[in-house]
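Participant: Next one to model:
(chains A, B and C)
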Amino acid sequence: MSSQAMNSRATSSKAKLTLGPVLYNWPAEQRRDFYFQIADEAPVDVVYIGEVTCSKRAPFLTPFIPEICDRLEQAGKEVVISTLSLVMSKRERKEQHELVQDSPWALEANDLSAIGLLKGREHIVGPFVNVYNEDTLDYFYENGAQRIVLPCELSGKAIERLLSSNKGREVEIQAFGRVPLALSARCYHARSHGLSKDGCRYVCEQDPDGMNVETLDGEAFLAVNGTQTMSYTVNNLLGEINDLSKLGATHFRLWPQQVDMIRVIEIYRAQLDGAIAYDAGQETLSELVDFAPFSNGFYHGVEGNRLVE
Amino acid sequence: MYDKNVPSRVLPFTPMLFAGFMMRPVPAFSLKPIVKHVLTRMKKLYPEIFSRLAVLGNTSFLIDPTDLPYCFCLSVKEGETHIDIWDDDSDRSGFQAVISGPMLDLIKLLEGRVDGDALFFSRTLNVEGDTEAVLTLRNAVDSADVALADVIGVPVPFMKPGFDKLFSKVGSLFGNLEKDFVTVQRSVLHPIARHMGEVDKELDRSADRMRKIDKELVRIKTSLKKSQQSVERGR
Amino acid sequence: MELVCPAGTPASLRAALDAGADVVYVGFRDETNARNFPGLNFSPEELEESLKKAHDMGRQIYVAINTYPQAGNLEPWYKAVDTAARIGVDAVILADIGLLNYAKRQHPGLRRHLSVQASASNPEAINFYRSAFDVQRVVLPRVLTVREIAELIEEIDVETEVFAFGGMCVMAEGRCSLSSYATGKSPNMNGVCSPASHVEYEQRRGKLVSKLGEFTINSFPNEEAAGYPTLCKGRFVGHTGDPSYLFEEPTSLNVMMMMPELIQAGVKALKIEGRQRGKAYVHQVVSGYRKAIDAAMKGEPVPFMDMGNITEGTRSTAGAYEKNWR
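Facilitator: Numbering: from 1, shown residues only, chains lettered A, B, ... in the order given. Below you'll find the predicted structure:
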């Protein structure tokens, strides 16, 4: 066990980068092209794909999934299908059952229903499942988790404590992108257009990085993505990943945004490999991400929207 | 935090306000013994309130019955609770929180006959400053079944027995009067309120325009930055 | 139909029992419960006394230990479960997987309910908790319609408890980090949402402005009813450029008029939210619901009762129980 822990420390520069599932409603063809480009060009080790946010969007992507997965696997990427984060209706449950039964790819469980269905089978515990302490972490590994993605609001201190008890097993940290903060049965995109969820006309497609939400004082605050509420700021742990990697974090997740994701991935890879100075990496990232400021407050145990230098 | 020169809101037109006018000639210091006696009795009758207040450490509240010419200073110092009564025009600086509302509602709140959040939702109660401290006070007071009659039931040193009866009689009289006063208040205030409403709307429209201009400015700045960047890239 | 009522203090607990609560749920005075507010909640001694009173009246007490234990500091949560078991409460309400596991292992005889904070919104999730931790009851998240609840009940062998009245989360409970994004404190970690320590009220030109952390949440013109400064019930500006209640209006849940349907659906217990509210609220709501349940169980029409004065924004809604809410 201790040799495993040492091993993970010795190979810390080999920490892997993952691309989280696209949380927004990007047109299916655009998603396919995006993944093809990732397969061909991005130095990313794991790619998660699937509709996590709203089951109404799923039918558009589903036909493209085999093709996308093949291409990614041919490029040597590990492919994982992410399940829906809030499962309620009969249709959603049926689709999840079928996915668990038939998927030739590994699955990321984003709801306890999927965790239950995958009990005893190797799977990944997604960021929408509450893992706040070592007892829960242990329970999920025992249940069959090969990797656990930690929730967004955990502080560095809590993460460190969890990494000290993961016994060399895989832990993934959300490192880049707008953070999904909340889920709801109600669609706020539809509501803001005066529509209901049932008759939503897929208005969420208009905001591929989410719809900005400002306060009455005109201060940017949140971003709405259908039934999901995201941070306005873009979480960016470029300055923290090397420390986390030394502590035993094995994977770092980058959430897709409408920016040059290939370049973002390259910068993170270079930072992990020590191939680029932090300042230079940060400067390039700042140029790439022009739609919102960065934050790392959750990691530093303060307000999530804040940036701690 | 609390500027006494700027009335933050119109005084509620209540029977207490009337009583307040009548009580103007009575200076606050002459009421101090009564107020202190009430606190002493409360500490004896409801120790649970004060044990829940102790967590506050050092905090001073200004409790302002808006329809009386007095205000109460309730302070917790090193876990011990003190109270004082002041004239409305005394110096009000140095308080962590201010709670204001009509006296009868404050009494109902003290006795747990009304929900503090409900009074706040209906805008009867106003709160400024350290919200957490106010919440602690509310929760502490609500943890006991306070009955003011029990508190002042024992003869106040310089008052004749029967004060409590008088108090409850006056209380019910005020209760009855309250409705009539609200009716009168509406008719008196209506034209003023309408005028103020117009002024407020105009200010809102101006604020709205400012916000739109701000936004436009941000948009222009952004596109300027982008075009600069593309010029640089072109070089 | 069991009526489960909140109490933040022993005085509220007495008010709830007097008003006809079958069960009162409470929390300890620390971060182990989701209403970790200053001056609120029970010491072990107060709980012991209250339990005796409740049992003497033939009623029950549940203890909510429904926040998520902090990594590296599990002790307060373990201790809370141990204390509840020692005192002999009728059930504990838990959300965290690790803590459920602990409670099952250490106190197999202690009845376990699944908190709404666990967000178990479908039969698969509920059956997982049932088989893994032997939970006897699940408090359903406020995301399901009455029809969905009825269908769900047919597929599980666990009792269900649903929220009937009070504060309403519009987000899936236990899966929301909006509060910690704005204030650094969250329901899951700290037992608070939009905590008072980060709330400030300001008077601006006769308007009541509420701020949470550095963000303005709402501005109420005079005479307009106010609500909690909970950030999902604030006024914001979205794509239209005009301020609106983007997520939800200040409003309270009230399903009194749907009582017959909930009974029909097979719901076991109705829960009143509001451990942070005063005993006057507890008394009013519990009395009202007692009458309503008694009437509905006899098949009589549910009498209309005005709760306007105690609701947020003096408004109420049936929320997610009706499909058009979505």
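
Participant: rest of the way, CA atoms for contacts and neighbours
Facilitator: Fine.

Participant: Just give the number of residues close to the nearest residue to A:Ile262 once chain neighbours are set aside.
Facilitator: Once flanking residues are discounted, A:Ile262 sits nearest to A:Ala42: 5.2 Å by C-alpha to C-alpha, 6 or more residues apart in numbering or on different chains. Close neighbours of A:Ala42, defined as other C-alpha atoms under 10 Å in any protein chain shown, add up to 20.

Participant: And A:Ala42, how close does it get to chain B?
Facilitator: In this structure, A:Ala42 and chain B are 24 Å apart, going by C-alpha to the nearest C-alpha, to the nearest Å.

Participant: wait, what's in contact with that residue?
Facilitator: By C-alpha atoms under 8 Å, 6 or more residues apart in numbering or on different chains, the residues touching A:Ala42 are A:262, A:265-266.

Participant: Would you map the strands across chain B?
Facilitator: B:59-65, B:70-77, B:80-87, B:97-101, B:126-129 (DSSP state E).

Participant: of those, which approaches A:Ala58 most closely?
Facilitator: For A:Ala58, the closest of those is strand B:126-129, at 48.0 Å, according to C-alpha to C-alpha.

Participant: can you pull the contacts of B:Tyr46?
Facilitator: So B:Tyr46 contacts B:144, B:146 (C-alpha under 8 Å, 6+ apart).

Participant: Check A:Leu86 too.
Facilitator: Per C-alpha under 8 Å, 6+ apart, neighbours of A:Leu86: A:53, A:110-111, A:183-185, C:121.

Participant: if we go to 10 Å?
Facilitator: A:52-55, A:92, A:110-113, A:128, A:183-185, A:227-228, C:119-122, C:143, C:172, C:175 (C-alpha atoms under 10 Å, 6 or more residues apart in numbering or on different chains).

Participant: Let me know the closest of the contacts of A:Ala42 to chain B.
Facilitator: Proximity of the contacts of A:Ala42 to chain B (C-alpha to the nearest C-alpha) peaks at A:Ile262, which lies at 19.3 Å.

Participant: Might one say that that closest one is in contact with A:Leu17?
Facilitator: No. Shown here, A:Ile262 and A:Leu17 do not form a contact pair, counting by C-alpha atoms under 10 Å, at 11.9 Å.

Participant: Neighbour count: those two, which is higher?
Facilitator: A:Leu17 (24 against 17).

Participant: What about the closest residue to A:Ala220 other than its chain neighbours, how many residues nearby?
Facilitator: Leaving aside its chain neighbours, A:Ala220 sits nearest to A:Glu214 (4.3 Å; criterion: C-alpha to C-alpha, 6+ apart). Around A:Glu214 there are 23 other residues, counting by other C-alpha under 10 Å.

Participant: hey, where'd the helices end up in the stretch 51-200 of chain C?
Facilitator: C:75-87, C:97-106, C:123-133, C:146-154, C:178-183, C:187-190 (DSSP state H, counting those that start in this stretch).

Participant: need the ones you listed in a markdown table with mean pLDDT and mean neighbour count, can you?
Facilitator: Shown next, in a markdown table, are those (pLDDT from 0 to 100; neighbours: other C-alpha atoms under 10 Å in any protein chain shown):
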| stretch | mean pLDDT | mean neighbour count |
| --- | --- | --- |
| helix C:75-87 | 98 | 18 |
| helix C:97-106 | 98 | 20 |
| helix C:123-133 | 97 | 20 |
| helix C:146-154 | 94 | 18 |
| helix C:178-183 | 97 | 26 |
| helix C:187-190 | 96 | 26 |
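
Participant: Pull the contacting residues for the residue nearest to A:Ala220.
Facilitator: Contacts of A:Glu214 by C-alpha under 10 Å, 6+ apart are A:220-223, A:232, C:215-217, C:235-239, C:241, C:243.

Participant: mind running it again at 8 Å?
Facilitator: A:220-222, C:236-238.

Participant: Okay, and which of these map to helices?
Facilitator: Assigned to helices by DSSP state H, none of the contacts of A:Glu214 qualify.

Participant: Let's see which of these end up in strands.
Facilitator: A:220-222, C:236-237.

Participant: Quick one, which of those residues are buried?
Facilitator: Neighbour-count burial (16 or more other C-alpha atoms under 10 Å in any protein chain shown) is assigned, among the ones in strands among the contacts of A:Glu214, to A:220-222, C:236-237.

Participant: Take those and lay them out in a markdown table including pLDDT and distance to C:Ala7.
Facilitator: Shown next, in a markdown table, are those (pLDDT from 0 to 100; distance: C-alpha to C-alpha, whole Å):
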| residue | pLDDT | distance to C:Ala7 |
| --- | --- | --- |
| A:Ala220 | 95 | 38 |
| A:Phe221 | 97 | 34 |
| A:Leu222 | 98 | 34 |
| C:Phe236 | 96 | 33 |
| C:Val237 | 94 | 36 |
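
Participant: Find the nearest non-adjacent residue to the residue of the stretch 101-250 of chain A found nearest chain B, please.
Facilitator: Nearest residue of the stretch 101-250 of chain A to chain B (C-alpha to the nearest C-alpha) works out as A:Gly218 at 6.7 Å. Counting by C-alpha to C-alpha, 6+ apart, A:Gly218 lies nearest to B:Arg211, which is 6.7 Å off, once chain neighbours are set aside.
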